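Student: just the structure for this:
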Amino acid sequence: MTNILIIAGKEIQEGLRNRWVLATTLLLAALALTLSFLGSAPTGNVGVNRLDVIIVSLSSLTIFLLPLIALLLSHDAVVGESERGTMLLLLSYPIGRSEVIFGKFLGHLAILAFATLCGYGAAAVALTSTGAEVGPESWIAFASMVGYSILLGAIFLAIGYLMSTLASERSTAGGIAIGIWLFFVLIYDMALLGGLVAAQGHAVPPLLLDLLLIGNPTDVYRLLNLGSGSAGALSGLGGIADHSRLSTPVLTAALLIWTAVPLGLANLIFWRREA
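Tutor: Now for the predicted structure:
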């Protein structure tokens, strides 16, 4: 465990030196504040809780931005070190390969979590400073959204690690990262929508719908944050959530599995990979 923390600290130091921590924190904070002030503008007319509008806005931002940031952080975690020759030096120390993978992952997750907490926390602070009345249920939903956002980032970090152990060059890993982001964030849902349209109004079996939703971590994230309560009414996903039999514990377990499986595969492949 000590070696894992040492590797994680090394990744955090490199993130600070390369301005990754500062850049991601400022980017998330700027976008969160912008969405908070612009997104809550109509609430005075329709009587909607301002924090619920912010949750919907930030959840939509998370789906597009956080997976991309996570993939950019992790796509060269292994192949980049191998190309620079630093992986051989790292493995010459009494450190196991699993400790390298899990330590790097923990360090990158800490960077992503810090940026998310600070960036989205800025939106909460800005809302509080306006004196708006927010109920405890909305604050719980906001905290849940932040936590699931970090978990979504962890999933794409793990996918990035798997890709980095499979790729032979950094340029290849970078191209695959963009392809993975496009597939999960845009193409998958477009194909799913096209399939529903092609069904010509025929009801989709609930089990098939649930499997299709679990097949994309961003859809699981949508259901968790935008599928119920006031956020579900604002986002329009309440209807889909009503036809799904997936409960919050099942959806949370799905996100954890989406994190564990790619990271475990990356660890197995790294054991067989030449440094």
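Student: what packs against the helix or strand containing residue 142?
Tutor: Assigned by DSSP states H and E, residue 142 belongs to helix 136-166. Packing partners of helix 136-166 (3 or more C-beta pairs under 8 Å, 6 or more residues apart in numbering; DSSP states H and E): helix 50-74, helix 79-84, helix 97-129, helix 170-182, helix 217-226, helix 229-235, helix 248-272. For the C-beta atoms, the positions are set from N, CA and C on the backbone; glycine is no exception.
Student: redo those helices as TSV? Include distance to residue 205 and mean neighbour count.
Tutor: What follows is the helices and strands packed on helix 136-166, written out as TSV (distance: least, C-beta to C-beta, whole Å; neighbours: other C-beta atoms under 10 Å):
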stretch	distance to residue 205	mean neighbour count
helix 50-74	26	23
helix 79-84	41	18
helix 97-129	36	20
helix 170-182	28	17
helix 217-226	17	24
helix 229-235	22	19
helix 248-272	17	17
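Student: those helices: lowest mean pLDDT?
Tutor: Of all the helices and strands packed on helix 136-166, mean pLDDT reaches its minimum on helix 229-235 (a mean of 51).
Student: one step back: will you turn the helices and strands packed on helix 136-166 into CSV that also has distance to residue 90?
Tutor: As requested, the helices and strands packed on helix 136-166 are exported to CSV (distance: least, C-beta to C-beta, whole Å):
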stretch, distance to residue 90
helix 50-74, 16
helix 79-84, 7
helix 97-129, 6
helix 170-182, 17
helix 217-226, 30
helix 229-235, 44
helix 248-272, 12
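Student: which of these sits closest to residue 37?
Tutor: Closest approach to residue 37 among those (C-beta to C-beta): helix 97-129, 7.3 Å.
Student: residues in contact with residue 27?
Tutor: By C-beta atoms under 8 Å, 6 or more residues apart in numbering, residue 27 lies in contact with 65, 69, 115, 119.
Student: got the buried residues for the helix holding residue 142?
Tutor: Within helix 136-166, the residues scored as buried using 16 or more other C-beta atoms under 10 Å are 138, 141-142, 145-166.
Student: just to check, residue 32 is in contact with residue 59?
Tutor: No - at 11.3 Å, residue 32 does not count as touching residue 59 under the criterion of C-beta atoms under 8 Å.
Student: which SS class is residue 95?
Tutor: Per DSSP: H, G, I helix; E, B strand; the rest coil, the local secondary structure of residue 95 is coil.
Student: and it, how many neighbours does it have?
Tutor: 15 (other C-beta atoms under 10 Å).
Student: chain center to the stretch of helix or strand residue 191 belongs to, what's the gap?
Tutor: Residue 191 is part of helix 188-198 when elements are defined by DSSP H and E. Here helix 188-198 shows a centroid-to-chain-centroid distance of 23 Å under the convention C-alpha atoms, centre = their mean, to the nearest Å.
Student: quick one: residue 224 from residue 55, how far?
Tutor: Going from residue 224 to residue 55 by C-beta to C-beta, to the nearest Å gives 11 Å.
Student: meant to ask about residue 109
Tutor: On the measure of C-beta to C-beta, residue 109 and residue 55 end up 23 Å apart.
Student: again, but for residue 16
Tutor: From residue 16 across to residue 55, the span is 30 Å (C-beta to C-beta).
Student: what do you get for residue 208?
Tutor: Residue 208 sits 29 Å away from residue 55, going by C-beta to C-beta.
Student: residue 75 too?
Tutor: Residue 75 is 29 Å from residue 55, by C-beta to C-beta.
Student: now swap in residue 261 and tell me
Tutor: In terms of C-beta to C-beta, residue 261 sits 28 Å off from residue 55.
Student: residues contacting residue 176?
Tutor: Residues near residue 176 by C-beta under 8 Å, 6+ apart: 75, 163, 167.
Student: surely the last one meets residue 179?
Tutor: What that stands for is residue 167. No - under the criterion of C-beta under 8 Å, residue 167 makes no contact with residue 179, lying 11.8 Å away.
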